[in-house]
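**Student:** pasting the structure only:
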């Protein structure tokens, strides 16, 4: 159930509702909309009569939510979540966000060079992996905290907010010290302890869809983060595993408009991991914007052939610069900007 507050409701009204929810043993989560605020009730609200909340000051009405993902659901919410970044850019809304950088941070010089180039090309934020979850335990696992230090230096040099993956609950505090946005990878989509930990950190979170996850499982994973009073969740479609072997994964772009019907959260697409082929990054980026994605997560490197990780799916910086120009008319065609 959600409680929709009146447009003229005050902070005192909202605090009173939240306190009333807590007094009956339930949890209230405030969702701040564009025009009005909504409070979601977590717990078994059936212990109370349906009109229990309607008499509280500032309450307009209560709405039952049928979906199991109460906070992520679009039901009863007249707003779309927009994530505000430190450089004044946004994820969600009319502008398409582009987060770009190498799969793995290799050196300070490498990440600083890439940061400046993607910034000049129009990127919204810088991505780079410091802790790398690899299928093979003998391959490069990332520079870890040294990589985080280099990433922070790149932020200083470029002014771009930084995105990096966190692998375990124990690493959340360390990664949060450096990163502006935390990323939960496909293998950790249902690591519920990690989801709670990144939610409690309070920073924006990019949640990648599990490679075999259904849409409902994806949204329920987001619910774990939202339930920690962290509304800043960004969903990321990064391809799913099917019987097809021609591409690394199958990039399911139909999930973007489907999610738009189900949730108020912003949705971005990772065409690099989604295809595993650099030749497909350009067309799938355009396709992602065409179907309504709020942003892109793209891997780029000065020399992909020498990249420590995922070279075959990484585009050159020159190709990234060209892509950014080619995306503009696509964005304009669907009434958006990049």
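**Tutor:** Okay, I see it. A quick note: this is a predicted structure, and the numbers were derived from the prediction, not measured.
**Student:** Helices of the stretch 101-250 of the chain, residue ranges please.
**Tutor:** Across the stretch 101-250 of the chain, reading from the start of the chain, the helices by DSSP state H, counting those that start in this stretch fall at 108-121, 145-158, 172-178, 192-201, 215-226.
**Student:** can you tell which of these is closest to residue 311?
**Tutor:** For the helices of the stretch 101-250 of the chain, distance to residue 311 was read as C-beta to C-beta. The smallest value, 13.6 Å, belongs to helix 108-121. (Glycine included, C-beta is placed from N, CA and C.)
**Student:** which secondary structure elements does that closest one contact?
**Tutor:** Helices and strands in packing contact with helix 108-121 are listed as strand 97-101, strand 125-127, helix 145-158, strand 295-301, helix 317-333; criterion 3 or more C-beta pairs under 8 Å, 6 or more residues apart in numbering; DSSP states H and E.
**Student:** which of the ones you listed sits most buried?
**Tutor:** strand 125-127 (a mean of 29; mean count of other C-beta atoms under 10 Å).
**Student:** That strand: how far from the chain's middle?
**Tutor:** Relative to its chain's centre, strand 125-127 lies at 12 Å (C-alpha atoms, centre = their mean, to the nearest Å).
**Student:** so which of the helices of the stretch 101-250 of the chain comes closest to residue 30?
**Tutor:** Across the helices of the stretch 101-250 of the chain (criterion: C-beta to C-beta), the nearest stretch is helix 215-226, sitting at 11.0 Å.
**Student:** what angle separates the closest one from helix 192-201?
**Tutor:** With axes from the mean of the first three to the mean of the last three C-alpha atoms, to 10 degrees applied, the angle from helix 215-226 to helix 192-201 works out at 50 degrees.
**Student:** Which strands and helices lie in contact with helix 215-226?
**Tutor:** helix 192-201, strand 205-208, strand 233-237, helix 255-262.
**Student:** What residues of that helix count as buried?
**Tutor:** Counting neighbours by 16 or more other C-beta atoms under 10 Å, one finds that the buried residues in helix 215-226 are 215, 218, 219, 220, 221, 222, 223, 224, 225, 226.
**Student:** for these, which one is nearest residue 60?
**Tutor:** Checking these against residue 60 by C-beta to C-beta gives residue 226 as the nearest, at 21.8 Å.
**Student:** shaky segments in the stretch 201-338 of the chain?
**Tutor:** Counting by pLDDT under 70, the stretch 201-338 of the chain contains no low-confidence range.
**Student:** if we can go back for a sec, rebuild the helices of the stretch 101-250 of the chain as CSV, extending it with distance to residue 12.
**Tutor:** Rendered in CSV, the data for the helices of the stretch 101-250 of the chain read as follows (distance: least, C-beta to C-beta, whole Å):
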stretch, distance to residue 12
helix 108-121, 43
helix 145-158, 39
helix 172-178, 32
helix 192-201, 26
helix 215-226, 25
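**Student:** how about those helices, which one is nearest residue 7?
**Tutor:** Of all the helices of the stretch 101-250 of the chain, helix 215-226 sits nearest to residue 7, with 23.3 Å by C-beta to C-beta.
**Student:** Please compute how far that closest one lies from its chain's middle.
**Tutor:** Remark: helix 215-226 is offset 12 Å from the chain centroid, using C-alpha atoms, centre = their mean.
**Student:** so which of the helices and strands packed on helix 108-121 comes closest to residue 64?
**Tutor:** Distance to residue 64, taken as C-beta to C-beta, is lowest for strand 295-301 among the helices and strands packed on helix 108-121, at 32.1 Å.
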